[in-house]
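Student: Curious how this folds, go ahead:
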Amino acid sequence: MSSGSKRWPPIRYNESRKNFVVDVGTKLSKPDPETGKKRRVREYFKNKAEAKTFAEQCRIKLKNLGVAGFRLSNQELVDAEQALKILNGKTTLSLACEH
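Tutor: So this is what the prediction gives:
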């Protein structure tokens, strides 16, 4: 962090676990379907370089896609990309799902 400014998401060293924690927080997580509560998102990394890379990816994703970019899991994003390749521009995912 430079010039005393705090960057989101924060990266901290966890002394007891001997790893780095990127704390994304709750504002970007989707609510649990059963409880309606949002789960705090934290990712753990062995070194600071990996943590910085993940934090930068989160900042870029938020900038490019907004909060909605965090609503799908990585697997859901991969699945959507594969489905769009299959559709090859012929229709949308929503229309394909209706049939």
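Student: CA only for contacts and neighbour counts going forward, please
Tutor: Noted.
Student: What distance do you get for Ser94 to Pro10?
Tutor: As judged by CA to CA, to the nearest Å, Ser94 and Pro10 stand 36 Å apart.
Student: Comparing those two, which residue is more hemmed in?
Tutor: More neighbours surround Pro10 than the other of Ser94 and Pro10, with 15 against 8 (other CA atoms under 10 Å).
Student: That one against Val22, yeah?
Tutor: Yes: applying CA atoms under 8 Å, one finds Pro10 in contact with Val22, separated by 5.8 Å.
Student: Show me the common contact partners of these two, please.
Tutor: Ala55 (CA atoms under 8 Å, 6 or more residues apart in numbering).
Student: Keeping just the C-alphas, turn the strand with the most length in the chain into CSV.
Tutor: Counting residues, the longest strand in the chain under DSSP state E turns out to be strand 19-25. What follows is strand 19-25 as a C-alpha-only set of coordinates in CSV (Å, rounded to 0.1, in the frame of the first residue of the first chain):
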residue,chain,number,x,y,z
ASN,A,19,0.2,-17.6,4.9
PHE,A,20,-1.2,-14.5,3.2
VAL,A,21,-5.0,-13.7,3.4
VAL,A,22,-6.9,-11.7,0.8
ASP,A,23,-10.1,-10.5,2.5
VAL,A,24,-12.7,-9.8,-0.2
GLY,A,25,-15.4,-9.3,2.4
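Student: Counting by contacts, list what that strand packs against.
Tutor: strand 11-14, strand 41-45, helix 48-65 (3 or more CA pairs under 8 Å, 6 or more residues apart in numbering; DSSP states H and E).
Student: Each with direction, which strands does the shortest one pair with?
Tutor: Read it as strand 11-14. strand 19-25 (antiparallel) (DSSP bridges).
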